[in-house]
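Asks: Here's a sequence, model it:
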Amino acid sequence: MLATNTLRMLPMAAAAALLATSANAQSIRISTQGKTADQIRAEVVKAAESLCWRETVGASFPVDARRLCVDATVKATFAQAPGLGLTLAQR
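Replies: Down below sits the predicted model:
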């Protein structure tokens with residue numbers, strides 16, 4: 001099991017590079033208790049897509065902006081939670 005007693009929730013800040021400021025960044029909490037690494041990754045990506053959809057409304061190039069936002073948000077999320085032992089797949 002990936003979750004520890006002290007780290008049961010994975011905070012996910014939608015700190016979308018260039019799109020959201022720290023003052024208006026949104027967040028979603030994802031429970032990690034009893035979940036596999038693949039389940040957590042899938043939930044993080046799904047949450048990032050949801051947050052970034054809202055953040056990129058009205059962008060000049062919304063598809064590109066959304067993809068950049070999701071990538072940055074997922075990367076930032078896993079960087080904030082090293083205690084889970086999860087890493088992003090390297091390309």
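
Asks: Surely residue 29 is in a helix?
Replies: No. Using DSSP: H, G, I helix; E, B strand; the rest coil, the secondary structure at residue 29 is strand, not a helix.

Asks: which residues does it form a beta bridge with?
Replies: Beta bridges link residue 29 to residue 11, judged by DSSP bridges.

Asks: Now for it, how many residues are close by?
Replies: Close neighbours of residue 29, defined as other CB atoms under 10 Å, add up to 11. Every C-beta, even on glycine, is put in place using the N, C-alpha and C of the backbone.

Asks: and what of the one 5 residues further on?
Replies: Other residues lying near residue 34 total 9 when counted by other CB under 10 Å.

Asks: pLDDT score assigned to residue 61?
Replies: Listed pLDDT for residue 61 reads 91.

Asks: Count the residues that sit near it.
Replies: Residues near residue 61, counting by other CB under 10 Å: 10.

Asks: Point out where the protein drops to low pLDDT.
Replies: Along the chain, segments meeting pLDDT under 70 span 1-25, 83-91.

Asks: try 90 this time
Replies: 1-38, 40-41, 51, 53-60, 62, 73, 75-91 (pLDDT under 90).

Asks: Show me where it has its strands.
Replies: Secondary structure of the chain, counting by DSSP state E: strands at 9-13, 27-31.

Asks: Please identify the buried residues of stretch 66-73?
Replies: 66, 68, 69, 70, 71, 72, 73 (16 or more other CB atoms under 10 Å).
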